[in-house]
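Participant: model this:
(chains A and B)
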There are 2 protein chains.
Amino acid sequence: MNESRMIEVKRNILADNDRAADVFREARKAEGTFFIDVMASPGAGKTTLLLALIEQLRAHATCGVIEADLESEVDALKIKEAGVSSVELNTRGVCHVEMGMVEKALAAFGELRFDYLFLENIGNLVCPAEFDTGAHVRVMLLSVPEGYDKVYKYPPMFAVVDALIVTKSDYLSLNPDFDMDALYRQARVLNPDLDIFVVSARTGQGIDEFAAWVRSCRETAMV
Amino acid sequence: MNESRMIEVKRNILADNDRAADVFREARKAEGTFFIDVMASPGAGKTTLLLALIEQLRAHATCGVIEADLESEVDALKIKEAGVSSVELNTRGVCHVEMGMVEKALAAFGELRFDYLFLENIGNLVCPAEFDTGAHVRVMLLSVPEGYDKVYKYPPMFAVVDALIVTKSDYLSLNPDFDMDALYRQARVLNPDLDIFVVSARTGQGIDEFAAWVRSCRETAMV
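Facilitator: Okay, the predicted model is just below:
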């Protein structure tokens, strides 16, 4: 085994991926598709938040979802049941999504194109942070039951995203130790421009504000 | 970039790691140390469960903890504050723990040896499943707020562990959709010998049973 060879191979893969991501991003912009990468731990509520967000957007815009999972199509079926176009992207055990996978997923939509295209990334707070998926904005979720003390433990993810969405805020009353001020402070030390939203798909709290932010990001990105 | 070269390098790394893990496992057995790898998503309650478990074990046995994180020493400090020996293992962004890291962490304890040594692995339900850490048993946690539908999404982890510990059971009343029967059934399709415990560190539910299982695994492994 040769450790430095491994690092070199990984560096080449990341550089190739970054180049492909830039090309993909420009191509989506040219056709009017705003592409959002949604990342989080398993069970943070990615699918549920996407459904609540799309419910707000779909009256005036078309939406599609790429559902990434190691295996299975549990989430893709949930999205389809809500009447939203979705493609299941099974990584066959790979811990993150790379550009080749995103390109194949888009091709699987055939002729369909959307105003908003979402990628529900693999449930993993570590590896997806390293791989540019060609999205115009990247967001991460952190659910209240996970605890507020995650910034210093998973800094790469907090550093690369445009927005942090604190989900399951209806659990705050059960988690008196959840220090929201500390979370905001620690996250913005690492990422000063980070936008932060506190939402609950169950009560509806914060979904309007998050949807308004998504719309405004699209307007900015499409200029 | 050469994809097949990448796969070959990874296969070599895993084979080297497996060999080192076997050596490490035998050496710990020879000195009477039972080694347990604890894996889960971020925020599933690994540190809290370890503290509750050690509280039960420490009256009659010595315990040590290797705390793995990408960065920071948040959890290692929590363990130290409880008066338990711990070593912080910072992987500097790496998504899993490998044998070289475990060996260094053990060396950092100096002359100290324990009846029970725990590894709190990186908060990641994907990558740690691939890397044997030299433990005698491997367990995973799944917290109730994450949802029950994780087996088909993260099959490698469910397949490699000896026990599944469903944590934060005090949240069950808030999660009427959590289908415990389906979780048991799906997990045992993938892993028929899996032992399953339902616990709450907050109420104490199930901690006795889990501690009894850990003691009994040690007796079996040390023969």
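Participant: what angle separates the helix or strand of chain A with the lowest mean pLDDT from helix B:3-30?
Facilitator: Counting by mean pLDDT, DSSP states H and E, chain A has its least confident helix or strand at helix A:3-30, which shows a mean of 89. Following axes from the mean of the first three to the mean of the last three Cα atoms, to 10 degrees, one obtains 130 degrees for the angle between helix A:3-30 and helix B:3-30.
Participant: From the contact counts, what lies against helix A:3-30?
Facilitator: strand A:34-40, helix A:99-108, helix B:3-30 (3 or more Cβ pairs under 8 Å, 6 or more residues apart in numbering or on different chains; DSSP states H and E). No exception for glycine: its C-beta is placed from N, CA and C like everyone else's.
Participant: Mind doing that once more with 6 Å?
Facilitator: Using 3 or more Cβ pairs under 6 Å, 6 or more residues apart in numbering or on different chains; DSSP states H and E as the contact test, the elements touching helix A:3-30 are helix A:99-108.
Participant: Low-confidence bits of chain A, can you list those?
Facilitator: A:1-3 (pLDDT under 70).
Participant: repeat that for 80
Facilitator: Along chain A, segments meeting pLDDT under 80 span A:1-9.
Participant: what residue lies at the spatial centre of it?
Facilitator: Among the residues of chain A, residue A:38 comes closest to the average C-alpha position under Cα atoms, centre = their mean, at 0.8 Å.
Participant: what about the strands in chain A?
Facilitator: Using DSSP state E, the strands of chain A run over residues A:34-40, A:63-69, A:85-90, A:116-123, A:137-143, A:163-167, A:195-198.
Participant: Centre of the chain to the third one, how far?
Facilitator: By that I understand strand A:85-90. Centroid separation for strand A:85-90 versus its chain: 14 Å, with Cα atoms, centre = their mean, to the nearest Å.
Participant: Also stretch A:162-180?
Facilitator: 18 Å.
Participant: Now the terminal residues of it, how far apart.
Facilitator: 18 Å (Cα to Cα, to the nearest Å).
Participant: Count the residues that sit near the nearest residue to residue A:43 once chain neighbours are set aside.
Facilitator: Leaving aside its chain neighbours, residue A:43 sits nearest to residue B:146 (2.7 Å; criterion: Cβ to Cβ, 6 or more residues apart in numbering or on different chains). For residue B:146, the neighbour count with other Cβ atoms under 10 Å in any protein chain shown is 29.
Participant: wait, isn't residue B:146 in contact with residue A:45?
Facilitator: No: at 9.4 Å, residue B:146 does not count as touching residue A:45 under the criterion of Cβ atoms under 6 Å.
Participant: residues in contact with the residue nearest to the centre of chain A?
Facilitator: In this structure, residue A:38 makes contact with A:46, A:118, A:120, A:139, judged by Cβ atoms under 6 Å, 6 or more residues apart in numbering or on different chains.
Participant: For it, give the beta-bridge partners.
Facilitator: residue A:120, residue A:139 (DSSP bridges).
Participant: Near chain B, which residues of chain A? Just list them.
Facilitator: Residues of chain A found near chain B (Cβ under 6 Å from any Cβ of the partner chain) are A:1, A:6, A:9, A:12-13, A:16, A:41-43, A:69, A:71-72, A:74, A:93, A:95, A:124-127, A:145-147, A:149-150, A:152-153, A:155-156.
Participant: Give me the buried entries from the residues you listed.
Facilitator: A:9, A:13, A:41-43, A:69, A:71-72, A:74, A:95, A:124-127, A:145-147, A:149-150, A:152-153, A:155-156 (16 or more other Cβ atoms under 10 Å in any protein chain shown).
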